[in-house]
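Novice: Kindly generate the corresponding structure for this input.
(chains A and B)
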Amino acid sequence: MTSERYVFPHKHLLGIEPLSPQDITAILDQARAFEEVCERPSIKIVPALRKKLVVNLFFENSTRTRNSFEIAEKRLSAEIINFDADTSSLNKGETLIDTAMNLEAMHPDLIVMRHSAPGAHALLSRHMKASIVNAGDGAHEHPTQALLDAYTLRKHFGSLEGLRVAIVGDIRNSRVVRSNLWLLTRMGAKVTLVGPPTLVPQEMKATWPSIDISHDFDAVIPEQDAIMMLRAQFERGTGAYIPGQGEYSRFFQLNPARMKQAKRDVVVLHPGPINRGLEITSDVADGPNNLILDQVTNGVPVRMAVLYLLSHPHGEQVP
Amino acid sequence: MSLLVKNVRLVDPAQNLDGPGSLLVVEGVVAAMGADLERDPLAAGAEILDGGGAVLAPGFVDLHVHFREPGQTRKESIESGSRAAVAGGFSAVCAMANTKPVNDSVAITEMMLTRAAKAGLCRYFPIGTVSREMKGEELADMGTLKAAGCVAFSDDGLPIGNASLMRRALEYTRWLDVPVVAHEEDRELAGKGYMHEGAVSASLGCLGIPAAAEEAMVARDIVLAEHTGGHLHLAHLSTKGSLRMVRDAKARGLAVTCEVTPHHFALSDKELMKFDSDFKMNPPLRTEADIQAVLEAIADGTVDAIATDHAPHGWDDKEVELPIAAFGVIGLETALPLTLELLVNRKVISLAKAISLLSWEPAKVFHLDRQGLGCLRPGTSADFVLFDPNAQVQVDRAFIQSKSYNTPFKGWSLPGKVLGTWVGGERVWG
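Specialist: Numbers count the residues shown, from 1 in each chain, chains lettered A, B, ... in the order given. A predicted model of the protein is given here:
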């Protein structure tokens, strides 16, 4: 429903939080146009970002997000530089500002960054002229993931309005959750957060009053239109909050027994990478209700749309 | 050498005094106060200063500053910190021991006192460490340090995790008659947190420091103060629960005192929503409910002092990712304006009570009243401040005298202009 006069009003994509429903719809509509490009049988490339320099600045390991951005950039004909920084030691070596200023000296148009510190992109945006795209900042936001989730759900259901979505797992430490909460609540979906109390901060209701919080996965399953399973990140701290993997799976794993309690046409999402047999069993992850690989496919046109709208806020015709 | 400051509003909480008058200083000492001192024989030949109706109060006493000397003089020095102090109306500061090296020896204490004397601005009272090298393992030489000039003992910056060491510190200092100043933080509960744990941290995905991290230690130390009879002074309290426990401890007659900072009654954790490290300090900015509790505790007398926890840091320490940015904000220049705006103008307390919390009451907490500080009684040292409570100040780089500019109040316009600060009858500011 992008009106003809609509201008994308943001210089950066720091998160979903600053976006209006209209902005979100504009990105999803733009992604729809790019999906057609991606589905072309032969040349899946448009010159929309020709002669633009995009820097992929990844301070944290990422395979799928970085690849997805890189494919999106290539399909938009951008010039690309990949900058992988080892940040196992945040305190040592060059500061983030110095790294950014060095990049700035090369006049990039867009910087796609992933960083372990919440707010790292906000800090960077105060020092740089380039548009900054947040590809994940700690547990704060991961806006393109939420946008591709929304794109996937909208494509399947037609609309997000009134959709019932359960997000299950390590809510506390998840940037995917926070971006999804901003997006889904803003677009009228009904979100239920599910997990043990140590992983689901009750205080989240203060920021997103429309959500429900449940510790009983079985009780909430039957009402859901979509179930988004999160990776149980035992290697990154989840383990300090819960007794162990066995107990976690017993109460919060999506498995065939729980799927029997769900609506027949429920859809299953997962931002990946999946821990098979931990938060989700293989027969569910690969089963008929899953949209997990659709999410991955949709990531490319959604990221193309983000990069495009940041470079062309007036939404010039896609050639 | 005499000075008569006339046409002022004299406020001296120690004498329960608030009214128009003048102050006569002879030989650096308060000689007389009254309505019409110009004809007083003592005033003969005195320099006369017309205060123009401004407030004349005892010089402020800050129980909690970090002047970074020795060790980190790129952030602050005793000289620059003292200048920030007198610019803010403070005639005396008590400087924390977490310098590099820490103040656990007579050599460091004497070096600090020498530098402060050389600066010749405000009075400077060192605080010694509780534990040797601030390691939290064994007691520092507190008797020797007191003899060298230390007025209190604290490992501030670090909590004392070892309950037994805290118990011995409170017990040992009884015969020295000095307070043990506690930075209350349970390090396991605080974890790697860098802001208050609550709705805002949950929405930002930031690691939080729960109120319980402070409160659990306040509870422990009040129990230890009761058990030992030592004087426990609780630094920079920030939570509703902490203040409730102090109120209860005081009602039971325990030797427990506490201070709060202006930033903890001025700002809430919502300020962190832009990830600006100027709002990062420890203890962290808390919730609106905690601010209300701080204001109530100020109004009902639970709080003994407004202290700044003036903690200078450079741009390099602050303009980095929020999780690794340094904790702390400066506060000497903004303490009076914030107190006037948020406590007096908003009718939480009277002007006289505000002045009391900045001078007389803190002086009593560290027993500086025994040296005649914190009041304007005739015969005591003429340490005083003259300020216009209505004139506005603008918080910008020029306003700040500190070497560092890590204030969360950049750009604020506030009432309360310091016209002059005097120490021992000498004008050191204005």
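Novice: ok, the closest residue to B:Lys274 other than its chain neighbours - contacts?
Specialist: With CB to CB, 6 or more residues apart in numbering or on different chains as the criterion, B:Lys274 has its nearest non-adjacent residue at 6.4 Å, and that residue is A:Ala122. (Each C-beta comes from the backbone N, C-alpha and C, glycine too.) Applying CB atoms under 8 Å, 6 or more residues apart in numbering or on different chains, we find A:Ala122 in contact with A:14, B:274-275.
Novice: What parts of the stretch 101-250 of chain A come near chain B?
Specialist: Contact residues, the stretch 101-250 of chain A versus chain B (CB under 8 Å from any CB of the partner chain): A:115, A:117-120, A:122-123, A:137-141, A:172-175, A:178, A:201, A:203-204, A:206-208.
Novice: before we move on, the earlier item: ramachandran coordinates for the residue nearest to B:Lys274?
Specialist: Dihedral angles of A:Ala122 (phi, psi; degrees, to the nearest 10) stand at phi -60, psi -40.
Novice: before we move on, back to that, buried ones among the contacts of A:Ala122?
Specialist: Buried subset of the contacts of A:Ala122 (neighbour count, 16 or more other CB atoms under 10 Å in any protein chain shown): A:14, B:275.
Novice: Could you check the pLDDT of residue 119?
Specialist: The chain I'm using is chain A. Turning to A:Gly119, the model gives it a pLDDT of 97.
Novice: Sorry, I should have been clearer: chain B.
Specialist: 98.
Novice: what's the neighbour count on the residue lying closest to it once chain neighbours are set aside?
Specialist: The spatial neighbour of B:Ala119 that comes closest, neighbours along the chain excluded (CB to CB, 6+ apart), is B:Glu79 at 4.1 Å. Neighbour count of B:Glu79, defined by other CB atoms under 10 Å in any protein chain shown: 17.
Novice: B:Glu79 contacts B:Arg115, doesn't it?
Specialist: Yes - using CB atoms under 8 Å as the test, B:Glu79 is close enough to B:Arg115 to be in contact (7.0 Å).
Novice: now, among the contacts of A:Ala122, which is nearest to B:Ala31?
Specialist: Set against B:Ala31, the nearest of the contacts of A:Ala122 by CB to CB is B:Lys274 (52.7 Å).
Novice: What parts of chain B come near chain A?
Specialist: With CB under 8 Å from any CB as the criterion, chain B comes near chain A at residues B:198-199, B:201-206, B:274-275, B:316, B:319-324.
Novice: Show me the residues of the stretch 101-250 of chain A next to chain B that map onto strands.
Specialist: Under the assignment DSSP state E, those contribute A:115, A:137 to strands.
Novice: Can you flag the buried ones in the residues of the stretch 101-250 of chain A next to chain B?
Specialist: Judged by 16+ other CB under 10 Å, buried ones among those: A:115, A:117-120, A:122-123, A:137-141, A:172-175, A:178, A:201, A:204, A:207-208.
Novice: Could you list the buried residues of the longest helix along chain B?
Specialist: Counting residues, the longest helix found in chain B (DSSP state H) is helix B:211-228. Of the residues in helix B:211-228, B:211, B:213-222, B:224-226, B:228 count as buried by neighbour count, 16+ other CB under 10 Å.
Novice: now for that helix, which elements pack on it?
Specialist: Using 3 or more CB pairs under 8 Å, 6 or more residues apart in numbering or on different chains; DSSP states H and E as the contact test, the elements touching helix B:211-228 are helix B:163-172, strand B:180-182, helix B:187-190, strand B:232-234, helix B:240-251.
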